[in-house]
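Q: Dropping the sequence and predicted coords here.
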Amino acid sequence: MEAGLPADTPRLARTTPAPRIGIVHLGPGAFFRAFNAIWTEEAMAAQGGDWGICAVSLKSPTARDQMAPQDGCFTAVELGPAGETRKVIGAVAEVLVAPEDPALVVSRMADPGVRIVSLTVTEKGYCHEPSTGHLRLDHPDIAHDLSNPDRPRSALGFIVAALRARRAAGTGPFTVLSCDNLPSNGAVVRGVVLEFARALDATLADWIAGTVTFPATMVDRITPATTEADLQRLAQAEGYRDPAMVVHEPFRQWVIEDDFTAGRPAWDAVGAQMVSTVEAHELMKLRCLNGTHSTLAYLGYLGGYETIADTVADPAYAALCERLWADEIVPTLPQPEGEDLQAYTAALMARYRNPAIRHRTWQIAMDGSQKLPQRLLGTIRDNLAAGRVPHGLCLAVAAWMRYVGGVDEQGGAIDVRDPLAADLKAASDSAQTAEAKVAALLAKHEVFDAGLAEDARFREAVIAAYTALLNNGARAAVAARTA
Ligand code: CS2
């Protein structure tokens with residue numbers, strides 16, 4: 001029970017029939033609820049279809065414990081600068097916890113009514129090497145699933161187990177729809193699914209390659225973690241408790257390759273963009289939004305700012321963002337169809353400044369080892385190839401290196417959340433000087449491919465930036481970069 005609420009505060013209850021299931025979604029976290037579930041609810045309201053969602057958590061029971069007592073429904077709260085609006089979403093018909101009954105999850109995914117399996121499992125959920133895109137066969141979950149293919153743990157294990165069952169039953173394939181912040185996310189998930197399947201059964205891999213589609217998508221909606229205050233405010237406004245509620249910004253954008261092997265909801269009828277190729281939109285979003293998000297997260301956290309809005313309220317940090325877009329990011333982008341990049345980045349700054357969205361720098365700083373390649377390093381590589389040294393982005397990389405060292409500018413411990421956190425801290429601690437620390441972290445080829453790590457222009461720019469952070473602190477380093 002949320003603290004401070006009357007003990008008799010009722011729980012949110014479903015008031016509309018749950019829709020028939022047509023989608024299994026892996027990763028029922030806040031972003032899925034603020035994004036996929038809302039789009040699908042609106043698509044069914046617009047043009048019908050049995051596209052109810054079975055949401056599956058691969059690890060934690062939290063989402064199930066939050067949603068199952070409410071029969072899958074939850075409140076989506078849109079927080080705009082001018083106020084908030086609330087809507088109860090009923091698209092989720094069932095919530096499962098995979099470790100409790102893997103066979104049940106496989107059977108749901110193998111059900112003929114299921115025609116799409118979608119994913120928001122974060123970058124680390126693909127069990128791949130971010131620098132190469134290849135499957136990590138030594139990943140503990142992958143090693144387990146290859147030995148226990150009927151009782152999988154990983155998203156890939158579930159997808160391949162379900163496809164194997166469908167092939168055996170003659171049910172036909174489903175579409176695999178990655179909704180994570182990865183470049184060419186459709187190709188990435190296709191690649192690791194096929195590598196996993198081939199390690200089990202080459203004929204299954206061939207069948208998947210020939211029948212399953214893996215369209216790429218670009219997804220965008222800023223969705224900060226729900227806080228106790230959000231829960232309290234909702235209960236006071238609506239008179240019910242809803243532990244599954246989510247808060248999100250007004251903006252949303254979904255760009256989808258229209259390549260579905262067994263149909264899809266009418267997402268385009270409610271604003272999604274169906275296109276032939278997503279790559280230019282993906283690069284635009286991953287580099288302009290997620291690249292500056294990570295920059296602001298590390299430099300903002302080190303500078304003592306709690307949220308993105310707090311960080312860009314500092315004129316030097318806002319100026320750094322503008323400088324990055326103009327000089328180091330937009331020049332590397334192909335022109336996405338129908339987009340005005342100047343207007344896009346101006347809208348991004350307005351989104352960052354939204355005072356109602358308290359998006360913590362610490363939250364965005366998570367999993368940097370899985371995020372840096374597609375958010376910062378690809379952009380840096382393209383600048384270097386064009387003969388430019390992107391000093392602003394190199395400052396962001398240096399800030400990430402300072403951050404994973406685990407000690408803030410006041411000497412306090414940083415709670416670093418990252419699959420490689422211990423390894424990265426050990427590398428940083430193994431060296432004493434700025435130059436040696438940078439070298440030790442550049443040697444982590446899970447993050448930095450050899451070509452980039454050995455580029456002297458990049459290495460020297462990161463060492464200079466790291467030294468500035470050590471000597472002067474993040475705020476001064478940012479101010480100096482934008483003077
Ligand atoms: C953020 C993203 O937490 C993070 O890493 O950069 O979740 C970001 O809010 C979304 O990609 C916005 O669409």
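A: That came through fine. Numbering: from 1, shown residues only.

Q: For the ligand, give me its nearest residue in the stretch 51-200 of the chain.
A: N181 (5.0 Å; C-beta to the nearest ligand atom). Where C-beta positions appear, they are placed from N, C-alpha and C, glycine not excepted.

Q: That residue against K371, yeah?
A: Yes - using C-beta atoms under 8 Å, N181 makes contact with K371 at a distance of 7.4 Å.

Q: Against T62, how distant is P10?
A: From P10 across to T62, the span is 21 Å (C-beta to C-beta, to the nearest Å).

Q: Looking at N181 and K371, which one has more neighbours?
A: K371 (28 against 23; other C-beta atoms under 10 Å).

Q: distance of the nearest residue to D423 once chain neighbours are set aside from A350?
A: Spatial nearest neighbour of D423, chain neighbours left out: K444 (7.2 Å); criterion: C-beta to C-beta, 6 or more residues apart in numbering. Distance, K444 to A350, by C-beta to C-beta: 36 Å.

Q: and what of V389?
A: The spacing between V389 and A350, counted by C-beta to C-beta, is 30 Å.

Q: Comparing the two, which residue is more hemmed in?
A: Neighbour count, other C-beta under 10 Å: between V389 and A350, V389 has more, with 15 against 10.

Q: Against V176, how distant is the more buried one?
A: For V389 relative to V176 (C-beta to C-beta), the value is 39 Å.

Q: Tell me who's in contact with A162.
A: When contacts are counted by C-beta atoms under 8 Å, 6 or more residues apart in numbering, A162 is found next to 106, 109-110, 117, 174.

Q: Now flag whichever of those is closest to A431.
A: Of all the contacts of A162, V117 has the smallest distance to A431: 43.8 Å, by C-beta to C-beta.

Q: tell me how far stretch 367-385 is from the chain's mean position?
A: 15 Å (C-alpha atoms, centre = their mean, to the nearest Å).

Q: end-to-end on that stretch?
A: 27 Å (C-alpha to C-alpha, to the nearest Å).

Q: Repeat that for stretch 320-339.
A: Span of stretch 320-339 from end to end, C-alpha to C-alpha: 23 Å.

Q: In it, which residues have enough neighbours to count as buried?
A: Under the neighbour-count criterion of 16 or more other C-beta atoms under 10 Å, stretch 320-339 has 320-322, 324-325, 328-330, 332-333, 336, 339 buried.

Q: Using the record's assignment, carve this structure into domains.
A: If you go by automatic domain parsing, the domain ranges for the chain are 21-275, 279-482.

Q: near the ligand, which residues of this protein?
A: Contact residues (C-beta under 6 Å from any ligand atom) of the chain with the ligand: 181, 220-222, 289-290, 293, 363-364.

Q: in the chain, which segments are predicted with low confidence?
A: For the chain, the stretches flagged by pLDDT under 70 are 1-4.

Q: One more pass at 90, please.
A: 1-9, 81-82, 129-133, 183, 337-338, 446, 482-483 (pLDDT under 90).

Q: Tell me how far the nearest residue to H391 once chain neighbours are set aside lies from A453.
A: For H391, ignoring the flanking residues on the chain, the nearest one in space by C-beta to C-beta, 6+ apart is A461 at 5.5 Å. Note on A461: its distance to A453, by C-beta to C-beta, is 13 Å.

Q: Strands along this structure, start to end?
A: For the chain, the strands defined by DSSP state E cover 21-26, 52-57, 74-80, 83-89, 92-97, 116-119, 175-178, 217-220, 246-248, 253-257, 273-275.

Q: Could I get those in CSV, plus columns for mean neighbour count and distance to A199?
A: Shown next, in CSV, are the strands of the chain (neighbours: other C-beta atoms under 10 Å; distance: least, C-beta to C-beta, whole Å):
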stretch, mean neighbour count, distance to A199
strand 21-26, 25, 20
strand 52-57, 25, 23
strand 74-80, 20, 38
strand 83-89, 14, 38
strand 92-97, 23, 26
strand 116-119, 24, 20
strand 175-178, 24, 18
strand 217-220, 22, 26
strand 246-248, 25, 37
strand 253-257, 21, 27
strand 273-275, 19, 33
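
Q: could I get those strands as TSV with distance to Q232?
A: Below are those laid out as TSV (distance: least, C-beta to C-beta, whole Å):
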stretch	distance to Q232
strand 21-26	28
strand 52-57	25
strand 74-80	12
strand 83-89	14
strand 92-97	24
strand 116-119	32
strand 175-178	35
strand 217-220	29
strand 246-248	12
strand 253-257	31
strand 273-275	37
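
Q: And these: which comes nearest D382?
A: Nearest of the strands of the chain (C-beta to C-beta): strand 217-220, 18.4 Å.

Q: More neighbours: A461 and A453, which one.
A: Between A461 and A453, A461 has the larger neighbour count (other C-beta under 10 Å), namely 23 against 20.

Q: Is it correct that that one is in contact with C394?
A: Yes - if you go by C-beta under 8 Å, A461 and C394 touch, sitting 3.9 Å apart.

Q: related to what we said a few turns ago, now do the shared contacts for N181 and K371.
A: Counting by C-beta under 8 Å, 6+ apart, the shared contacts of N181 and K371 are 123, 290.

Q: Buried subset of the residues of the chain next to the ligand as a ChimeraX selection?
A: Per 16+ other C-beta under 10 Å, the buried members of those correspond to this ChimeraX selection:
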select :181,220,221,222,289,290,293,364
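
Q: OK, contacts around the nearest residue to L177 once chain neighbours are set aside?
A: With C-beta to C-beta, 6+ apart as the criterion, L177 has its nearest non-adjacent residue at 4.1 Å, and that residue is S118. Contact analysis of S118 by C-beta under 8 Å, 6+ apart lists 23-26, 36, 176-179.

Q: Please tell me how far stretch 64-71 is from the chain's geometric centre.
A: Distance, centroid of stretch 64-71 to centroid of chain: 23 Å (C-alpha atoms, centre = their mean).

Q: for stretch 156-172, same thing?
A: 26 Å.

Q: re the thing from before, go through the buried residues of stretch 320-339 and name the one nearest the ligand.
A: Checking the buried residues of stretch 320-339 against the ligand with C-beta to the nearest ligand atom, the nearest one is C321 at 13.4 Å.
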